[in-house]
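Undergrad: Got a sequence here, can you model it:
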Amino acid sequence: MKPSQKIRVLLAKPGLDGHDRGVKVVARALRDAGMEVIYTGLHKSPEAIIEAALQEDADVIGLSSLSGAHMALFTRIMQLLSEKEMEEDTLVIAGGIIPDDDVPKLEKIGIRGIFGPGAETDDIANYIKTNLKRTIQE
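TA: The predicted model follows:
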């Protein structure tokens with residue numbers, strides 16, 4: 001991947017969570033920050049999310065969950081990411097309703113940025129730019 005390419009962010013809603021207003025706000029903000037955003041839509045399986053990330057050559061996977069199933073779903077996504085040998089090249093962030101007690105568990109499985117309700121979209125964009133696993137040119 002060339003250093004001058006836009007950051008490619010895949011946003012996904014795993015599981016049966018049907019609320020996507022927040023992820024759409026984040027998608028618009030990341031586009032406004034100059035990133036290329038692919039939103040997979042609602043009700044995606046972990047397998048479909050990883051396949052989309054692979055096909056889209058995503059630099060970042062952003063997961064959103066409001067359903068309470070984040071531990072099981074995010075763990076499966078990280079397992080699949082590892083199986084596809086994508087974990088070294090892909091920054092994974094998460095948002096939604098995630099209890100404070102779950103944050104260290106998610107960080108332990110490899111999710112790097114966790115943003116709850118009220119997170120500033122500029123903070124999310126800056127986190128991605130700062131923690132991206134490849135070099136970009138502004």
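Undergrad: Mind jotting down where the helices sit in the chain?
TA: Applying DSSP state H to the chain gives helices spanning 21-32, 46-56, 70-83, 103-108, 121-131.
Undergrad: Okay, and the beta partners of the residue positioned nearest the centre of the chain?
TA: Residue closest to the average C-alpha location in the chain (Cα atoms, centre = their mean): residue 62, at 1.2 Å. Applying DSSP bridges to residue 62 gives these bridge partners: residue 11, residue 93.
Undergrad: picking up where we left off before, reformat the helices of the chain as a markdown table; add mean neighbour count.
TA: Every residue, glycine included, has its C-beta placed from N, CA and C. Formatted as a markdown table, the helices of the chain follow (neighbours: other Cβ atoms under 10 Å):
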| stretch | mean neighbour count |
| --- | --- |
| helix 21-32 | 16 |
| helix 46-56 | 18 |
| helix 70-83 | 19 |
| helix 103-108 | 14 |
| helix 121-131 | 15 |
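Undergrad: I'd like those as CSV, with distance to residue 97 appended.
TA: Formatted as CSV, these follow (distance: least, Cβ to Cβ, whole Å):
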stretch, distance to residue 97
helix 21-32, 10
helix 46-56, 19
helix 70-83, 8
helix 103-108, 12
helix 121-131, 16
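Undergrad: need the ones you listed in TSV with distance to residue 89 and mean pLDDT, can you?
TA: As requested, the helices of the chain are exported to TSV (distance: least, Cβ to Cβ, whole Å; pLDDT from 0 to 100):
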stretch	distance to residue 89	mean pLDDT
helix 21-32	19	96
helix 46-56	10	97
helix 70-83	10	97
helix 103-108	19	98
helix 121-131	13	97
